[in-house]
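Participant: Give the three-dimensional model of this entry:
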Amino acid sequence: MLGGTVMVLSIALFIIVHEAGHYFAARATGMKATEAFIGFGPRLWSIKRGDTEYGIKAIPFGGYVRILGMNPYEEVAPEDVGRTYRDKKFWQKSVVVLSGVVLNFLMAYIILFFLLWTTGLVETTTTISAVTPEISDGTPSPAAVAGLAEGDTLLSIDGVDIESWEAAVELIAARPGSEITIEIERDGSVRELTADLAPVHPQTGEAIGFLGVGPGVEEVSIGPFRAAGSAGLLFYDLVALSVQAIGRLVSPASLVELAGVLVGDTDIPDEIRPVSPIGLAQIGSQVDRIGVESLVFILASVNIILGLFNSIPIYPLDGGHFAVALYEKVTKREADIRKLVPLAAAVIVLMLFLGVVALVLDSTNPLSL
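Facilitator: Down below sits the predicted model:
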């Protein structure tokens with residue numbers, strides 16, 4: 001229960017920080033922010049301080065900051081001329097609309113940095129931790145036939161010294177169907193074995209060599225400088241994976257499959273499953289099983305997904321506002337935002353659809369990691 005509460009509160013914090021980025025950027029560039037709310041729909045609570053009304057709304061699917069002049073239908077009082085979004089320069093508009101995304105990415109990086117600094121890295125070793133007994137067709141694996149065993153340490157393959165597990169994988173993959181000589185260390189003595197590598201065909205279709213062994217792993221403590229670099233690499237990998245995940249989620253085939261949830265089909269692959277606050281709480285409640293480190297890692301991933309989703313250059317997302325501002329900068333013409341209203345409506349409908357589907361799935365088919 002505590003983990004679920006921490007998860008929900010953390011997501012609320014991420015949303016608040018995202019919207020605070022917009023708010024303070026607007027204030028810093030001389031724009032007037034009239035509303036700053038967490039959630040959408042009916043007001044649950046609000047208070048006005050200065051020009052801005054702050055509050056909470058009933059539907060907890062994000063938040064918003066209303067900046068004067070961003071709504072094309074909004075009338076501007078004479079005394080507010082010069083304080084609107086549309087009055088500002090391109091760089092000022094860009095800072096305001098992208099500040100939330102930048103803060104989401106920054107929070108993700110900071111979380112990953114402290115996670116790696118405090119827990120260290122898990123690195124592969126050249127010691128075999130497992131031997132696959134059979135390959136996909138049921139025949140014994142090359143490793144099993146060669147007599148490789150758990151605890152053996154790889155020293156060389158065909159006379160090439162093995163400095164890392166990745167080097168061994170590269171050598172093996174380049175020799176499909178070949179006989180190789182493997183030098184190992186077992187119980188303090190060096191032995192030489194031979195293995196006929198099986199050719200396998202992964203998704204690329206090109207045959208690669210397969211031996212059938214798994215690497216050992218060890219935890220390595222690292223300092224802040226290495227943690228900073230490793231966090232950057234991990235951040236990059238997570239961005240790439242998240243882009244693919246978002247692409248799969250909003251693809252036509254996935255949306256058709258998700259629509260089946262509304263008529264009772266809740267057997268949805270995890271790869272395209274949207275998650276609601278209820279689902280996030282369910283994930284957090286499993287902290288005793290998945291570990292605190294995994295929960296923190298998930299929180300970093302959520303920040304990246306929030307940032308990427310808002311970066312999509314479709315109006316009215318943050319990326320869409322930036323695209324409009326860029327169009328005006330390049331063409332030297334003011335964009336007619338009214339023409340984008342149908343697109344904005346479609347995006348809002350899509351978000352509501354995904355939100356409803358997520359709620360139904362998390363209520364009827366709880367997440368289990």
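Participant: now the strands for the stretch 1-150 of the chain?
Facilitator: Along the stretch 1-150 of the chain, the segments classed as strands by DSSP state E, counting those that start in this stretch run 33-49, 52-67, 121-131.
Participant: Next, the angle strand 52-67 makes with the first one.
Facilitator: Pointing back at strand 33-49 there. In this structure, strand 33-49 runs at an angle of 170 degrees to strand 52-67, with axes from the mean of the first three to the mean of the last three Cα atoms, to 10 degrees as the basis.
Participant: follow-up on the earlier one: tell me which of the strands of the stretch 1-150 of the chain is the most buried.
Facilitator: Ranked by mean neighbour count, the strands of the stretch 1-150 of the chain are led by strand 52-67 with a mean of 18 (mean count of other Cβ atoms under 10 Å). The way it works is simple: take the backbone N, C-alpha and C, and place the C-beta from them, glycine included.
Participant: tell me the mean pLDDT for it?
Facilitator: Along strand 52-67, the predicted confidence averages to a pLDDT of 89.
Participant: try stretch 286-304
Facilitator: Over the span of stretch 286-304, the pLDDT mean works out to 90.
Participant: List every C-alpha atom in it, with coordinates, as CSV.
Facilitator: Taking C-alpha atoms only, stretch 286-304 is exported to CSV below (Å, rounded to 0.1, in the frame of the first residue of the first chain):
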residue,chain,number,x,y,z
GLN,A,286,4.4,-4.6,-5.7
VAL,A,287,7.5,-2.9,-4.4
ASP,A,288,8.2,-5.7,-1.9
ARG,A,289,8.5,-8.1,-4.9
ILE,A,290,10.1,-6.0,-7.6
GLY,A,291,12.4,-4.0,-5.2
VAL,A,292,12.8,-0.3,-4.5
GLU,A,293,15.4,0.0,-7.3
SER,A,294,13.0,-1.2,-9.9
LEU,A,295,10.3,1.2,-8.7
VAL,A,296,12.7,4.1,-8.9
PHE,A,297,13.7,3.0,-12.4
ILE,A,298,10.0,3.0,-13.4
LEU,A,299,9.6,6.5,-12.1
ALA,A,300,12.4,7.7,-14.3
SER,A,301,10.8,5.9,-17.2
VAL,A,302,7.5,7.6,-16.5
ASN,A,303,9.2,11.0,-16.6
ILE,A,304,10.7,10.2,-20.0
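Participant: Other residues contacting it?
Facilitator: 2-3, 6-7, 10-11, 14, 104-105, 107-108, 111-112, 115, 119, 235, 238-239, 242, 280, 283-284, 368-369 (Cβ atoms under 8 Å, 6 or more residues apart in numbering).
Participant: in it, what counts as buried?
Facilitator: Residues of stretch 286-304 classed as buried under the neighbour-count rule (16 or more other Cβ atoms under 10 Å) are 286, 287, 295, 296, 297, 298, 299, 300, 301, 302, 303, 304.
Participant: Save the strands of the stretch 1-150 of the chain as CSV, and put in distance to residue 137 too.
Facilitator: Putting the strands of the stretch 1-150 of the chain into CSV (distance: least, Cβ to Cβ, whole Å) gives the following:
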stretch, distance to residue 137
strand 33-49, 55
strand 52-67, 49
strand 121-131, 17
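Participant: Which of those sits closest to residue 333?
Facilitator: The closest approach between residue 333 and any of the strands of the stretch 1-150 of the chain, judged by Cβ to Cβ, belongs to strand 52-67 at 21.6 Å.
Participant: Convert the C-alpha atoms of that closest one to PDB, please.
Facilitator: Coordinates of the C-alpha atoms in strand 52-67 are reproduced here as PDB (Å, rounded to 0.1, in the frame of the first residue of the first chain):
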ATOM      1  CA  THR A  52      -3.400  33.400 -11.100                       C
ATOM      2  CA  GLU A  53      -6.000  31.000  -9.800                       C
ATOM      3  CA  TYR A  54      -4.400  27.800  -8.400                       C
ATOM      4  CA  GLY A  55      -6.300  24.600  -7.700                       C
ATOM      5  CA  ILE A  56      -7.200  21.000  -8.200                       C
ATOM      6  CA  LYS A  57      -9.800  19.500 -10.600                       C
ATOM      7  CA  ALA A  58     -11.700  16.200 -10.500                       C
ATOM      8  CA  ILE A  59     -10.000  14.200 -13.300                       C
ATOM      9  CA  PRO A  60      -6.400  13.400 -12.300                       C
ATOM     10  CA  PHE A  61      -5.000  13.000 -15.800                       C
ATOM     11  CA  GLY A  62      -2.400  15.700 -15.900                       C
ATOM     12  CA  GLY A  63      -2.600  19.400 -15.400                       C
ATOM     13  CA  TYR A  64      -2.300  22.700 -17.200                       C
ATOM     14  CA  VAL A  65      -1.300  26.400 -16.900                       C
ATOM     15  CA  ARG A  66      -3.500  28.800 -18.800                       C
ATOM     16  CA  ILE A  67      -1.400  31.600 -20.300                       C
END
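Participant: How far does that strand sit from its chain's centre?
Facilitator: Between the centre of strand 52-67 and the centre of its host chain there is 24 Å, according to Cα atoms, centre = their mean, to the nearest Å.
Participant: Counting by contacts, list what that strand packs against.
Facilitator: Contacts defined by 3 or more Cβ pairs under 8 Å, 6 or more residues apart in numbering; DSSP states H and E place strand 52-67 against helix 2-28, strand 33-49.
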